[in-house]
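# Sequence first, then the predicted structure, then my questions.
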Amino acid sequence: MKSIFWRNNGLVIIDQTLLPARVEYLFLSNPTEVIEAIRKMCIRGAPALAIAAAFALFLGIRNLRARSYIEFRKDFDRIKRSIASSRPTAINLFWALERMSRRLEENKEKSVREIKRILFKEAKDILEENRSVTRQLSKIGAQLIKDNDRILTICNTGILATVDYGTALGVIYEAKRQKKSFKVFACETRPLLQGARLTAWELKQNKIDVTLICDGMAGYLMQKKLINKVIVGADRIVLNGDTANKIGTYNLAVLCRYHKIPFFVAAPLSSFDLSIKNGDFIPIEERDPREVTHLFFKKPIAPEGIKVFNPAFDITPHRLITCFITEKGIIKPPFKKNIKKIYNENQ
Ligand code: MRU
């Protein structure tokens, strides 16, 4: 299954809002369509957002008629700003836009035609690199998985959230490929049910032993010793290791500390934001209250007019994280020092 790819001069994505009932693809031919697909969660998951953002930018500039670099840059920046406004928390989206900007800046002496070709290549590179990065990260993370493990995860961090394999789920796929025997428990992940609709579906398709639970059941399972590891993804990891991920991740980390269960965060280096010193400064997206009051915006499940608070992410303080699994190795505490080190080594 391919979740995101380029074909016939457009970006093709699986419409994740229709899963698991239907597998349907959307063909996106301009930035407005990509932005809408991102806002509606047809495409989601931090690494997939990076790829969508890079191609959205290319789709926006490919037909520009600007002749000079100055003119071209103005339009480029306008399109970039609109893509950047689609979702605020996953740093990968901004990382991809900045990478495209840098490539533009480096090639400003070239003709507009040549610049367009270079930016197209950059978007394709971002996609292809995600494949190798997640494979590498998965290999490194699979060392932490042992026979008879019972692993809990949240949200969707797999094939649908990346180009292939995934981050936390990539580790699980790789451990399975190595013929390790283990069980996975997937939190349903209210309100949009990425765990139930996407992770449970993906893992079942790939013959992984997966059990779906409601988010509030995690503590009971830990108390009953049914879980011995938690692996999650990340939307933004900052300098001190504080980590933004799907709402409910922090609850799991607190439970892990109480029950002495290791808590792993699997994420590529493109998920790190060293410009922010701690989690207090991470922008947290608040989404439509109807995600909470209605089942998929359709069936009401709460009284009309009820007050709702719907933050899409929470921050797990670094002290609750056992280690980070990246494509460049495992990062252990002290995080500030070790994140800086791995980052500097890979600049
Ligand atoms: O709101 P979503 O579904 O985009 O949230 C996604 C997550 O929180 C994932 O855990 C994270 O992006 C990592 S995906 C490899």
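Looks like it came in fine. Residues are numbered from 1 along each chain as shown.

# all contacts plus neighbour counts: C-alpha atoms, from now on.
Will do.

# Name the SS class of the closest residue to Tyr173 other than its chain neighbours, please.
Once flanking residues are discounted, Tyr173 sits nearest to Tyr165: 6.7 Å by CA to CA, 6 or more residues apart in numbering. Here Tyr165 takes the coil state, with states given by DSSP: H, G, I helix; E, B strand; the rest coil.

# Can you report phi and psi for Tyr165?
phi 70, psi -70 (degrees, to the nearest 10).

# what's the answer for Asn251, then?
phi -60, psi -40.

# for the record, mean pLDDT for the helix or strand hosting Lys116?
Taking DSSP states H and E as the criterion, Lys116 maps to helix 112-142. The average of the pLDDT scores along helix 112-142 is 97.

# now for the helix or strand just after it, which elements pack on it?
Per DSSP H and E, the first helix or strand lying C-terminal to helix 112-142 is strand 149-153. For strand 149-153, the elements it packs on are strand 182-187, strand 229-232, judged by 3 or more CA pairs under 8 Å, 6 or more residues apart in numbering; DSSP states H and E.

# what about Phe55, which helix or strand?
helix 46-61.

# how about that helix, does it reach the ligand?
Yes: residues of helix 46-61 contacting the ligand under CA under 6 Å from any ligand atom: 46-47.

# can you give me the mean pLDDT across that helix?
Rounded mean pLDDT across helix 46-61 is 98.

# neighbours around Ile145, how many?
19 (other CA atoms under 10 Å).

# The nearest residue to it once chain neighbours are set aside: helix or strand, and which one exactly?
Nearest residue to Ile145, sequence neighbours excluded (CA to CA, 6+ apart): Ala175, at 6.5 Å. Assessed by DSSP H and E, Ala175 sits inside helix 168-177.

# Tell me, how many residues neighbour the residue nearest to Tyr173?
24.

# ok, now how distant is it from Met217?
Distance, Tyr165 to Met217, using CA to CA, to the nearest Å: 27 Å.

# Ok, Glu33 next?
38 Å.

# what does Leu97 give?
39 Å.

# what do you get for Glu24?
Distance from Glu24 to Met217, by CA to CA: 32 Å.

# if we can go back for a sec, let's test this: mean pLDDT of the helix holding Ala175, rounded?
Helix 168-177 comes out with an average pLDDT of 98.

# Counting neighbours, what do you get for the residue of the stretch 51-200 of the chain found nearest the ligand?
Nearest to the ligand in the stretch 51-200 of the chain, going by CA to the nearest ligand atom, is Thr157, at a distance of 3.7 Å. Residues lying near Thr157 (other CA under 10 Å) number 31.
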